[in-house]
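**Q** any chance you could fold what I've pasted below:
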Amino acid sequence: MNFTVIHKDRKTGARSCLIQTDHGEIPTPVFMPVGTRASVKLVEPEELQAQQVHIILANTYHLYLKPGNDIMAMAGGAHTFMNWRRPLLTDSGGYQVYSLSELRTIMEEGVRFKSHLDGSTLHFTPENVIDTQRIIGSDIMMPLDECPPWPAEKDYVKNSGKTTIRWAERAKKHLAATRPLYGHNQALFGITQGGTYADLRMETSKALVDMDFDGYSIGGLAVGEPAEEMHRMLELSNGILPEHKPRYLMGVGTPENILNAIERGIDMFDCVIPTREARNGRAYTRTGYINLRSARFAEDFSPIDEGFDNHVCRNYSRAYIRHLLNVGEILGLKLCTLHNISFFMWLTRTAREQIIRGSFREWKDDFLKTFNSGQKP
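**A** Predicted coordinates for the structure are as follows:
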């Protein structure tokens with residue numbers, strides 16, 4: 001993986017970069033739609049490409065459970081299995097294990113947990129998580145980490161961070177002892193932790209920088225902490241993480257959080273928000289989000305977002321999509337999903353253009369003012 005900084009904004013920490021992988025280029029800032037089980041819900045890979053999606057995210061935990069490593073290996077990896085020819089990132093499954101707090105035990109060796117599917121006991125280690133991602137064949141892999149909840153006592157967060165550092169060392173060592181299975185290179189990012197404790201965030205970040213990962217993910221944020229605390233940790237991370245490596249804020253998020261993080265030097269994002277909320281009828285527009293199930297759109301024959309250069313917006317009215325949603329037609333869910341993905345692609349693509357022009361902050365402030373003033377029924 002190669003990484004190049006194309007342009008840095010003079011007024012903020014925002015930057016436009018290019019990640020080059022064997023499956024294609026990724027211009028940043030970039031939003032990654034979530035394809036947990038090797039599928040972005042309701043959308044075909046060809047449709048993702050039509051929406052200018054450069055990279056998607058899949059989940060190691062879920063793919064390990066189903067279809068399982070044996071079938072994934074027989075398929076030749078996730079790219080072939082799902083017919084996705086562009087870059088793919090996999091998280092380690094650590095966050096999913098974190099969410100199973102009542103079903104897992106964290107040990108020095110790794111994590112023992114019960115499958116949410118059948119209750120069987122499973123074991124993740126820094127080594128076998130790398131093995132699974134080798135079988136998946138993702139272009140960018142994540143090491144196993146421990147994500148502490150928020151709020152959490154400082155001693156707990158400190159011990160959690162030390163565990164994450166030790167596991168990162170083991171993951172990197174195992175990576176060097178193994179090889180890609182399908183003829184393309186795979187990068188490994190480190191994941192910083194430390195919650196919202198500045199000294200602990202600095203400690204884990206510096207330790208991972210010393211290990212020289214291909215890029216750095218910022219974990220343990222967007223788990224309930226106030227936005228100001230997230231911003232403070234991002235500003236701190238921006239001063240520690242190397243400029244010549246990509247920075248990925250995991251699990252974020254809303255348009256406001258994305259743009260504020262870009263302003264603080266973040267390059268990559270993922271979140272289920274655009275696809276999950278689309279399935280509930282919520283559509284994102286430049287003047288705020290709207291609930292297309294609402295009765296007020298029953299006779300609204302305008303596009304979801306007028307002037308938005310996207311076939312979903314051009315060819316289907318709010319009234320029609322509302323009708324589909326309210327009679328249970330799957331097409332309504334699909335059109336909402338395609339629209340939201342297109343919106344988030346537009347958002348990060350426009351941010352990149354504004355960074356290059358030197359007008360990012362002004363554009364961001366104007367956009368958020370308009371977006372937050374819109375009606376959100």
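**Q** now the strands for the stretch 251-377 of the chain?
**A** For the stretch 251-377 of the chain, the strands defined by DSSP state E, counting those that start in this stretch cover 268-271, 282-285, 288-291.
**Q** which positions within the first one qualify as buried?
**A** This points to strand 268-271. For strand 268-271, the neighbour count (16 or more other Cβ atoms under 10 Å) marks 268, 269, 270, 271 as buried. Where C-beta positions appear, they are placed from N, C-alpha and C, glycine not excepted.
**Q** pull the most distant pair out of those residues.
**A** Pairwise distances across the buried residues of strand 268-271 peak at 11.3 Å for 268 and 271 (criterion: Cβ to Cβ).
**Q** mind telling me what element residue 170 is part of?
**A** For residue 170, the host element (DSSP states H and E) is helix 154-177.
**Q** can I get that helix in CSV? Just the C-alpha atoms.
**A** C-alpha atoms of helix 154-177 as CSV (Å, rounded to 0.1, in the frame of the first residue of the first chain):
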residue,chain,number,x,y,z
LYS,A,154,-9.0,5.3,34.2
ASP,A,155,-7.3,2.2,35.5
TYR,A,156,-9.5,0.0,33.4
VAL,A,157,-8.8,2.1,30.3
LYS,A,158,-5.1,2.1,31.0
ASN,A,159,-5.0,-1.7,31.3
SER,A,160,-7.1,-2.0,28.2
GLY,A,161,-4.7,0.2,26.3
LYS,A,162,-1.7,-1.9,27.4
THR,A,163,-3.5,-5.1,26.3
THR,A,164,-4.2,-3.5,22.9
ILE,A,165,-0.5,-2.6,22.6
ARG,A,166,0.7,-6.1,23.4
TRP,A,167,-1.9,-7.6,21.0
ALA,A,168,-0.8,-5.2,18.3
GLU,A,169,2.8,-6.4,18.7
ARG,A,170,1.7,-10.0,18.4
ALA,A,171,-0.4,-9.2,15.3
LYS,A,172,2.4,-7.5,13.5
LYS,A,173,4.8,-10.3,14.3
HIS,A,174,2.3,-12.9,13.0
LEU,A,175,1.7,-10.8,9.9
ALA,A,176,5.4,-10.9,9.1
ALA,A,177,5.4,-14.7,9.6
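**Q** show me how far stretch 230-240 is from its chain's centre.
**A** On the basis of Cα atoms, centre = their mean, to the nearest Å, stretch 230-240 is displaced by 18 Å from the centre of the chain it belongs to.
**Q** typo on my end, stretch 355-375
**A** Using Cα atoms, centre = their mean, the offset of stretch 355-375 from its chain centre is 22 Å.
**Q** before I go, just wanted to say thanks for your time.
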